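# Have a look at this fold, sequence not included:
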C-alpha cells in the first residue's frame, strides 16, 4: 500500500472499536504512526498489536476525553512519544436516542460532555501542534477530522439532543475551518449514516427495540475509515470540507 502518510503522526479518539479502530488501522497502513485513545485499554492493546504486526507504530493512550486534563495529557503524550501531531480524528462519541418527554437527563448530559465538550477539549489541545506540523515536512499540511452524523444535518423525532450535539460539531468545524485554512490546517466534517458499530448498543432496552424494528442496510466501519483516509491523503492544495455518507438504501 502506498505510504502517503509516512513520517506523520495521527491521533484517533474512540479508537477501541468501530469507526475509530478501523480508521486507526487504515491510517497506520498508509504509513502514519498512530496514537490510539479510548477508555478500554484491552481493546486498544489488541488493536496496537495488530498494527505493529503489520510493521506499523502504535501508541496506546487510555483516556477519557470528557476530562479536560486527560484530553490535554493525551495530546501532549502523543507529541512527546511520537514526535509530532499531523492528524487528529475526533471520533469519540455516543448516541442516546428517544423522546425528550421523560428522557433521563443524565443521557443528555453524557452526550453533551462527550460529543461536544470532549471534542472541544481535544481540538483545543491539538491545534497548536497541528499548526506547527502544517508548516513542517513531510506534507506541510495538517488535518482535523470531526465525526458528526446524518443527524447533524436534519433533526428528527427521537434524535433531539443527539442532533443538537452533532449540529454543534458541524458549526464548530466550519467556523474553525475558516479560521485556520490559510495556515494549511484542514478541518473536515464526516457525517455517516447507518453504520454497523457499537454506537446504538448503549441505548435503553425500549429504544433498542424500536431501533431493531427500523433495521435496514448498514455500512461497515471500514467504509467510513476509507472516507477519512481519502480526506487526509489529498494533496496539500485540496481540502475536503464535508462528507455525508449513507448506505445506498438509506433514504433519510
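Happy to help now that I have it. Since the structure is predicted, the reported quantities are computational estimates derived from the model, not experimental observations. Residues are numbered from 1 along each chain as shown.

# secondary structure element for residue 180?
In this structure, residue 180 sits in helix 160-180 according to DSSP states H and E.

# Which neighbours in the sheet does the following helix or strand past that helix have, and how are they oriented?
Counting by DSSP H and E, the element after helix 160-180 in chain order, helix or strand, is strand 185-192. Partners of strand 185-192 in the sheet, by DSSP bridges, are strand 142-147 (parallel), strand 242-245 (parallel).

# Skip ahead from the least confident helix or strand in the chain by mean pLDDT and say which helix or strand is next.
Of all the helices and strands that make up the chain, helix 205-213 has the lowest average by mean pLDDT, DSSP states H and E, namely a mean of 64. Using DSSP H and E, the helix or strand that follows helix 205-213 towards the C-terminus is strand 219-220.

# what does that next one contact?
With contacts defined as CB atoms under 8 Å, 6 or more residues apart in numbering, strand 219-220 is touched by 22, 192-196, 245-247. For every residue, glycine as well, the C-beta is placed using N, CA and C.

# And those, which is closest to residue 12?
Nearest to residue 12 among the contacts of strand 219-220: residue 22, at 9.6 Å, using CB to CB.

# Give me the contacts around the host helix or strand of that closest one.
Under the criterion DSSP H and E, the helix or strand holding residue 22 is helix 18-29. By CB under 8 Å, 6+ apart, the surrounding residues in contact with helix 18-29 are 1, 5, 10, 12-15, 34, 36, 38, 43, 47, 50-51, 54, 56-58, 87, 89, 91-92, 147, 192, 195, 197-199, 220-222, 224-226, 228-229, 232.

# switch the cut-off to 7 Å
Outside helix 18-29, the residues that touch it by CB atoms under 7 Å, 6 or more residues apart in numbering are 1, 5, 10, 12-15, 34, 36, 38, 47, 50-51, 54, 56, 58, 87, 89, 91, 147, 195, 197-199, 221-222, 224-226, 228-229.

# From these, which land in helices?
Among the contacts of helix 18-29, the members falling in helices are 47, 50-51, 221-222, 224-226, 228-229 (criterion: DSSP state H).

# Weed out the non-buried ones from those residues.
Among the ones in helices among the contacts of helix 18-29, those buried by neighbour count (16 or more other CB atoms under 10 Å) are 47, 51, 221-222, 224-226, 228-229.

# I'd like these laid out as TSV, including pLDDT.
Below are these laid out as TSV (pLDDT from 0 to 100):
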residue	pLDDT
47	98
51	98
221	96
222	97
224	97
225	98
226	97
228	98
229	98
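
# Of these, which pair is most distant in space?
Spatial extent of those (CB to CB) is set by the pair 51 and 224 at 18.1 Å.

# how far is the one helix or strand residue 109 maps to from where the chain is centred?
Assessed by DSSP H and E, residue 109 sits inside helix 105-111. Averaging C-alpha positions (CA atoms, centre = their mean, to the nearest Å) puts helix 105-111 20 Å from its chain's average.

# now that helix: mean pLDDT?
What helix 105-111 shows for mean pLDDT is 96.

# Which other helices and strands does it contact?
With contacts defined as 3 or more CB pairs under 7 Å, 6 or more residues apart in numbering; DSSP states H and E, the secondary structure elements packing on helix 105-111 are helix 160-180.
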